[in-house]
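A.B. asks: following is a predicted model, sequence given first.
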Amino acid sequence: MKHSDWLRLQSEGENICATMRQQGYKCHKQTRRLSWKLCKEGQDDYILIFAPAPISDWTLIPNKTNPERQQLWQLIERTLTNIRREVIKTPQELRSPVEDYSRPWAIIRHLPDARRYTVARFANRQDAEDHRRFLNRFIPAVKFEVLFDIPDEQLQRTSYKKED
């Protein structure tokens, strides 16, 4: 993670904590991490943490389904919306981000219904293979695959040039 990203996320976390303090929560920053412990008397304690790639978003732990947590999470989402000046999309509205094809080697995760999720992209195959081995070691239940992935229009352009 770039240092500028770290500083931006730390600022987001501090702004979220400022809002939480206004609502009666106590916030304690955990050292050397993008995480804060949220406490309120008479309620469970939660940890607000920024989960790195492939999630790359704020998460509230423990992940319970009680109304107290849902209310807290809605407050966090509203705060993030104000901070980022953008609408937080519901899962149905999420669109896949534009792929960075300047790094053609991709690690993908196979999903149901013949879909796939690009976990990371690399400029060379060796880096992709090393990262895949790392992922397989720490997430053994999921199958990852390295492939050379270029956009279809680029593939069509190269095939037209060969025909000429």
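C.D. replies: Noted; the coordinates are in hand.

A.B. asks: what are the ranges of the strands in the chain?
C.D. replies: 26-29, 35-39, 46-51, 57-61, 105-111, 115-122, 144-148 (DSSP state E).

A.B. asks: for residue 135, which non-adjacent residue is spatially closest?
C.D. replies: residue 144 (5.1 Å; CB to CB, 6 or more residues apart in numbering). All C-beta spots, glycine's among them, are computed from the backbone N, C-alpha and C.

A.B. asks: do residue 124 as well
C.D. replies: residue 105 (6.4 Å).

A.B. asks: was I right to think that neighbour contacts residue 132?
C.D. replies: No: judged on CB atoms under 8 Å, residue 105 makes no contact with residue 132 at a distance of 10.0 Å.

A.B. asks: shared neighbours, the two?
C.D. replies: residue 146 (CB atoms under 8 Å, 6 or more residues apart in numbering).

A.B. asks: measure residue 105 to residue 135 for me?
C.D. replies: 14 Å (CB to CB, to the nearest Å).

A.B. asks: got any ranges where this structure has weak pLDDT?
C.D. replies: Flagging of the chain using pLDDT under 70 yields the residue ranges 85-101, 152-164.

A.B. asks: thanks again, I'm all set now.
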